[in-house]
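Student: Attaching a predicted model along with its sequence, questions to come.
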Amino acid sequence: MDSRTEPAEAEPEPAAAIRRPSPQSTAARPPLVRELLLVVGLFVVYKVGRQLADGHTAEAFRNANRVWDWERTLHLPREGSVQGALLHSDTVVHLANTYYATVHFPATVAFLVWMYLRRPVHYVWARRVLAAVTAAALALHLTFPLAPPRLLAAAGLVDTGQVYGPTVYGAHPATDEMANQFAAMPSLHFGWALMVAIGLIAATRSRLRWLWLLHPLLTLLVIVGTANHYWLDAIVATALLGIALAVIRLPRGAEATEAHGLVADEASDEADGTAGNSGGAGGAGEKESVPELVGARR
C-alpha cells in the first residue's frame with residue numbers, strides 16, 4: 001500500500017533537474033573580469049590604431065577617387081540614389097544620422113553581454129570573430145586610407161551629419177582629434193551589424209530570428225545614405241567577415257549543448273507555470289486524494 005504514495009513524492013524531481021544550470025554551459029563561460037579587460041584592451045588598440053592611420057590626406061583622397069571609379073566600373077548603384085530618398089524628409093535624415101551615431105557600439109555591446117550570459121559557447125565564438133574582423137579592418141585602415149564619399153567632390157553628396165545633425169565627426173578631418181575620418185574601408189558599422197545578426201540567428205531557435213538581418217540591412221542604408229561609406233566598404237567588410245567565419249567556427253557540439261540549455265529554460269518556465277496553477281486547483285486535488293490513501297490503508 002505504501003508503494004502507491006512513492007510516485008507522488010518523486011514527481012517534483014524532473015522539474016528540479018530542469019532548473020539546474022547546464023555544466024557544459026557554465027564551464028564554457030570565461031571569467032568576467034578577464035573578458036572585460038580583453039574587450040576594453042581590444043577597443044583601446046583599435047582606437048589608437050585608427051589615430052595612427054590619420055594624417056594621410058592626399059593619399060586618402062586619391063584612394064577615394066579610385067574607389068569611386070571602381071564602383072562605376074562594377075556598375076554599382078550610386079550612393080546618391082539612397083541619399084536622395086533620405087533627403088525627402090528632414091526627420092528621416094536626422095533619424096539616420098542618429099542611428100549612425102548611437103546604435104553601432106551599444107548594439108554590439110548588448111549583443112556580447114547577452115551572448116555571455118545566455119549562450120557562452122556562442123559568445124566565445126562571436127568575440128573571436130569580431131576581434132579578427134576588427135584587426136583586419138585596422139590593417140586596411142593603416143594601409144589603405146580612404147576619404148568617405150561625403151568628402152569627395154566627385155560624388156556630389158551632402159554631409160548629412162554636418163547639415164542636419166547629429167554627427168560624430170569634426171567639420172575639418174585634418175583637425176579632428178576624436179576620430180580618423182580617413183578609415184572608411186572596410187565599414188565596421190556594417191561588419192559588426194552583420195555579425196550581430198548572424199550570431200543571434202545561430203544562437204537562437206525562434207522562427208522569427210531571421211528578422212535580425214534587418215539590423216545590417218538598415219545599417220547599410222544608413223551608412224550609404226549619410227555618405228559615410230561607399231558600397232565597396234560594406235562589400236569588403238562582408239568578405240572579411242566571411243573569411244573569419246570560415247576560419248573561426250563554433251566548437252563541435254556547441255549547438256547541441258546550448259540548444260539543450262534553451263530547451264531547459266523553456267521547460268523550466270513551463271514547470272513554473274504548472275506549479276503556479278497547481279497552487280489552487282492542484283492543492284485541492286491533493287487534499288481530496290488523502291481520504292483515498294487513508295481508506296486504502298484501512
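Tutor: Thanks, I have it. Predicted model, so just to flag it, every value in this text is computed and none were measured. Residues are numbered from 1 along each chain as shown.
Student: For A139, give its distance to P31.
Tutor: 29 Å (Cβ to Cβ, to the nearest Å). To be clear about C-beta, it is placed using only N, CA and C from the backbone, and glycine gets the same treatment.
Student: more neighbours, these two?
Tutor: Between A139 and P31, counting by other Cβ atoms under 10 Å, A139 is the more crowded of the two (13 against 9).
Student: ok, how many other residues are close to L211?
Tutor: L211: 12 neighbours (other Cβ under 10 Å).
Student: now do W231
Tutor: Neighbours around W231, by other Cβ under 10 Å: 21.
Student: What of the one 4 residues further on?
Tutor: One way to gauge burial is a neighbour count; for I235, by other Cβ under 10 Å, it gives 17.
Student: Also R205?
Tutor: Number of residues near R205 (other Cβ under 10 Å) recorded here: 12.
Student: and it, what helix or strand is that in?
Tutor: Counting by DSSP states H and E, there is no helix or strand that carries R205.
Student: phi, psi of it?
Tutor: Dihedral angles of R205 (phi, psi; degrees, to the nearest 10) stand at phi -120, psi 0.
Student: For the helix or strand hosting A244, name the packing helices and strands.
Tutor: Following DSSP H and E, one finds A244 within helix 231-247. For helix 231-247, the packing partners by 3 or more Cβ pairs under 8 Å, 6 or more residues apart in numbering; DSSP states H and E come out as helix 57-73, helix 120-143, helix 188-203, helix 214-225.
Student: Report the buried residues of the third one.
Tutor: When you say that, I think you mean helix 188-203. Buried residues in helix 188-203, counted by 16 or more other Cβ atoms under 10 Å: 188-200, 202-203.
Student: Please name the residues that touch the residue nearest to A132 when sequence neighbours are not counted.
Tutor: Leaving aside its sequence neighbours, A132 sits nearest to A244 (Cβ to Cβ, 6 or more residues apart in numbering; 4.3 Å). By Cβ atoms under 8 Å, 6 or more residues apart in numbering, the contact set of A244 is V129, A132, V133, A136.
Student: most neighbours, which of these?
Tutor: V133 (24 neighbours).
Student: residues touching that one, list them.
Tutor: L188, G191, W192, M195, A237, L240, L241, A244.
Student: Please, which helix or strand holds G80?
Tutor: Using DSSP H and E, G80 falls in helix 79-86.
Student: Can you tell me what sits against whichever helix or strand comes after that helix?
Tutor: Note on helix 79-86: by DSSP H and E, the next helix or strand toward the C-terminus is helix 90-102. The contact list for helix 90-102 (Cβ under 8 Å, 6+ apart) reads 86-87, 160-161, 164-168, 189, 218-219, 221-223, 225-226, 228.
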